[in-house]
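K.L.:
Have a look at this prediction, sequence included:
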Amino acid sequence: MSQSRVRLLCEDRRAERFFRRLCEQAGVRVVGVEVAPDGQGSAADWVLSRYPALVRQRRAKAFQANLGLLVHIDGDAVGVTQRKTELDARLAAHSMEARQAAEPVAVCVPTWCIETWVLHLAELGTPAESVRVNRTPVGATP
Amino acid sequence: MLKRLYAHNFRSFVNFEWVPPRASVLVGENGAGKSAFVEVLWLLQDLLVHGRTVDETPSTSARTEWLQDELQSFELEAIVASDAFHYRLDIRLETGRTAVREELKANGAVLYRADGGKVELFGDDPPSAVARTTIPFDRRRSFISALEQRADNKRIIAFREAIGSIWAVKPDPRRLGGAAVAENPWLERDLSNFASWYRSRMGEDPDATDALRRDLQAVLAGFSTLRLEPISPEVKDLRARFSFGQRTHELGWAKLSDGQRLLIALYGLLRLGLPRASLIVLDEAENYVAPQGIQPWLQAVGDAAAEKNQQLLVVSHHPETINYLAADGTWRMWRDKDAGHIRIAPLLPDLASGVTAYDAFKFVAESRSGTGLEP
């Protein structure tokens, strides 16, 4: 059986590194990465905008059973449920079916953000999901 | 870390100033000055590290055509360890001959000054308000390149080493030769002597050489290992061994494709060279490499730079490269329509639209090219 492969759609560089390494650890080959550029506005909006196109690409390759799409979007103040609703709404706006349970499209919504997960996994604390995590690296000047 | 670069009367730089970020991709149409930025860094390395005379650099022939000005000026600000350095270089004609005038400050105090063939050293810790040592020296060269380390010039040496640890490369696959004529600790800026450099480095760092082999096994179909085949008492030929099923064969360097040679050199650079860099500047390094091949290399370079707190600036026309690195920031260079000189500004795509950085660049370039408007 051929190796599983995945494309990533991420909100920022830290999340991209986190999920890329997670996939590598799991033996899943990352075959492409899209990360929101540094720009004007919300990176979450950028992910929401790109989502339909990448889901469409994935669905067009339905014959490739081992190819998946992993989407990262921070929950921020909105939360997991609302983010998933927003993603479904973007598909609906493009006359596309909502994501199905068996579809190889994973949506990860770290809340507040990826640093919340990193701190928890690194056993450096378990910040509340309702609180914005300070993104300043340890030792850096804020 | 490079904090600021200023260049005047060089190529199309006229009072050009840039405060580069920690990581960024530089975009622009042809002739927009991206490679000229890299050339400024090379010029400073040639003078401050390699000890070349100003006549041995392209400085004077690279004066801005329309200025009719014989004075070229460069300034570089950098943080090295915890010291804030400011270096200024003027290149001008003195009695018919090209000469340099320099000044180096650390944390606001002058450490070094050279003017009119006279070098002044102000000491180091603490710097003196008046020169402690005055030396006559060739006015076409920087004495910084010739300075021997002593207790009272540690900061000047640290600055020189920081300039020397800038890895600014512009690979040219057509010039990548496979003959390792001798061990060479210096890698040419176009990677043309990669084989000789690899021969030198592989013996010094076997762990990195192993990592390189694993990288190449991951990105080159069937790749097994690199091998240096003696073809004379002095010269060795760099060869690549491949295995497909039960069959193994070896290809000489000349039989590899341009893309294969470049990937070997780029991963060699990543494993054997870049770990020692303070600033990594890559000028169109990915030409000749398939789009799916370049992103893993960029990821590895970006990861390594982030872990080592290195600065990474990448010049590119390649959509894959631009879009991947745009997460860290995109700067656009362009020629001012009226003045002709080079401008630079951050390119900030509208995120709500979902536009990629490459498409945002194309849109700005096509709609505003040459208008002189701020993007």
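P.N.:
That came through, no problem.
K.L.:
what's the neighbour count on the residue of the stretch 101-250 of chain B found nearest chain A?
P.N.:
For the stretch 101-250 of chain B, the residue closest to chain A is B:Ala218, as judged by C-beta to the nearest C-beta, at 9.5 Å. Just so you know, the C-beta spots here come from the backbone N, C-alpha and C atoms, and that holds for glycine as well. Residues lying near B:Ala218 (other C-beta atoms under 10 Å in any protein chain shown) number 12.
K.L.:
What strand or helix carries the nearest residue to it once chain neighbours are set aside?
P.N.:
Excluding its sequence neighbours, the residue lying closest to B:Ala218 (C-beta to C-beta, 6 or more residues apart in numbering or on different chains) is B:Pro296, at 7.5 Å. Per DSSP states H and E: B:Pro296 is located in helix B:291-307.
K.L.:
So which bits of that helix are buried?
P.N.:
Within helix B:291-307, the residues scored as buried using 16 or more other C-beta atoms under 10 Å in any protein chain shown are B:293-302, B:304-306.
K.L.:
Adding pLDDT, write the residues you listed out as CSV.
P.N.:
CSV is the format used below for the buried residues of helix B:291-307 (pLDDT from 0 to 100):
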residue, pLDDT
B:Gly293, 83
B:Ile294, 87
B:Gln295, 89
B:Pro296, 91
B:Trp297, 93
B:Leu298, 93
B:Gln299, 94
B:Ala300, 94
B:Val301, 95
B:Gly302, 95
B:Ala304, 94
B:Ala305, 95
B:Ala306, 94
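K.L.:
What residues does the stretch 151-300 of chain B have near chain A?
P.N.:
Residues of the stretch 151-300 of chain B lying near chain A by C-beta under 8 Å from any C-beta of the partner chain: B:Gln292, B:Gln295, B:Gln299.
K.L.:
In contact with the residue of chain A found nearest chain B, which residues?
P.N.:
Nearest residue of chain A to chain B: A:Ser49, at 2.6 Å (C-beta to the nearest C-beta). A:Ser49 sits next to A:Arg90, B:Leu351, B:Ala352, B:Ser353, B:Gly354 when contact means C-beta atoms under 8 Å, 6 or more residues apart in numbering or on different chains.
K.L.:
All the helices of the stretch 201-350 of chain B, in order from the start?
P.N.:
Under the criterion DSSP state H, counting those that start in this stretch, the stretch 201-350 of chain B contains helices at B:206-219, B:258-268, B:291-307, B:319-325.
K.L.:
weakest of those helices by average pLDDT?
P.N.:
Note on the helices of the stretch 201-350 of chain B: helix B:291-307 shows the lowest mean pLDDT, a mean of 91.
K.L.:
and the closest residue to chain A within the stretch 251-375 of chain B, what does it touch?
P.N.:
Scanning the stretch 251-375 of chain B for the residue nearest chain A gives B:Gly354, at 2.6 Å (criterion: C-beta to the nearest C-beta). For B:Gly354, the contact set (C-beta under 8 Å, 6+ apart) comprises A:Asp45, A:Trp46, A:Leu48, A:Ser49, A:Arg50, A:Ala53.
K.L.:
before we move on, back to that, could you verify my assumption that the residue nearest to B:Ala218 touches B:Leu263?
P.N.:
No - counting by C-beta atoms under 8 Å, B:Pro296 does not reach B:Leu263; the two are 10.0 Å apart.
K.L.:
residues shared between the contacts of these two?
P.N.:
B:Val219.
K.L.:
thinking again about what came up before, just checking, what packs against the helix holding B:Pro296?
P.N.:
Judged by 3 or more C-beta pairs under 8 Å, 6 or more residues apart in numbering or on different chains; DSSP states H and E, the packing partners of helix B:291-307 are helix A:13-25, strand A:29-35, strand B:23-27, helix B:206-219, helix B:258-268, strand B:279-283, strand B:311-315, helix B:319-325.
K.L.:
Now render those as CSV, adding distance to B:Asp138.
P.N.:
Converted to CSV, the helices and strands packed on helix B:291-307 look like this (distance: least, C-beta to C-beta, whole Å):
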stretch, distance to B:Asp138
helix A:13-25, 47
strand A:29-35, 50
strand B:23-27, 35
helix B:206-219, 38
helix B:258-268, 36
strand B:279-283, 28
strand B:311-315, 32
helix B:319-325, 41
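K.L.:
Run a quick neighbour tally on the residue in the stretch 51-200 of chain B that chain A sits nearest to.
P.N.:
Using C-beta to the nearest C-beta, the closest approach of the stretch 51-200 of chain B to chain A is made by B:Ile79 at 11.7 Å. Number of residues near B:Ile79 (other C-beta under 10 Å) recorded here: 13.
K.L.:
my guess is it is in a strand, correct?
P.N.:
Yes - the assignment for B:Ile79 is a strand, going by DSSP: H, G, I helix; E, B strand; the rest coil.
K.L.:
Which residues are in contact with it?
P.N.:
Residues near B:Ile79 by C-beta under 8 Å, 6+ apart: B:Met1, B:Lys3, B:Phe85.
K.L.:
Could I get the contacting residues of the first one?
P.N.:
Applying C-beta under 8 Å, 6+ apart, we find B:Met1 in contact with B:Arg22, B:Ala78, B:Ile79, B:Ser278, B:Leu279, B:Gln311.
K.L.:
circling back: tell me the secondary structure for the nearest residue to the residue of the stretch 251-375 of chain B closest to chain A once chain neighbours are set aside?
P.N.:
Distance criterion C-beta to C-beta, 6+ apart; nearest residue to B:Gly354, sequence neighbours excluded, is A:Ser49 at 2.6 Å. What three-state DSSP gives for A:Ser49 is helix.
K.L.:
Next one: A:Ser49, what pLDDT does it get?
P.N.:
We note a pLDDT of 97 for A:Ser49 in this prediction.
K.L.:
Check the one 5 residues further on too.
P.N.:
Note on A:Leu54: pLDDT of 96.
K.L.:
which stretch of helix or strand covers it?
P.N.:
Taking DSSP H and E as the definition, one finds A:Leu54 inside helix A:43-60.
K.L.:
can you pull the buried residues of that helix?
P.N.:
Buried-residue list, helix A:43-60, by 16+ other C-beta under 10 Å: A:43-52, A:54-55, A:58.
K.L.:
now that helix, how far from the centre of its chain.
P.N.:
Centre-to-centre, helix A:43-60 and its host chain are 11 Å apart (C-alpha atoms, centre = their mean, to the nearest Å).
K.L.:
again, but for stretch B:59-77
P.N.:
Relative to its chain's centre, stretch B:59-77 lies at 20 Å (C-alpha atoms, centre = their mean).
K.L.:
Would you indicate which residues of it are buried?
P.N.:
Of all the residues in stretch B:59-77, those buried under the rule 16+ other C-beta under 10 Å are B:Ser59, B:Thr60, B:Ala62, B:Arg63, B:Thr64, B:Gln72, B:Ser73, B:Phe74, B:Glu75, B:Leu76, B:Glu77.
K.L.:
In strands only, show me those residues.
P.N.:
Among the buried residues of stretch B:59-77, the members found in strands (DSSP state E) are B:Gln72, B:Ser73, B:Phe74, B:Glu75, B:Leu76, B:Glu77.
K.L.:
export these to TSV and tack on distance to B:His341 and pLDDT?
P.N.:
Listed next are those as TSV, based on distance: C-beta to C-beta, whole Å; pLDDT from 0 to 100:
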residue	distance to B:His341	pLDDT
B:Gln72	14	96
B:Ser73	14	97
B:Phe74	15	98
B:Glu75	17	98
B:Leu76	19	98
B:Glu77	21	98
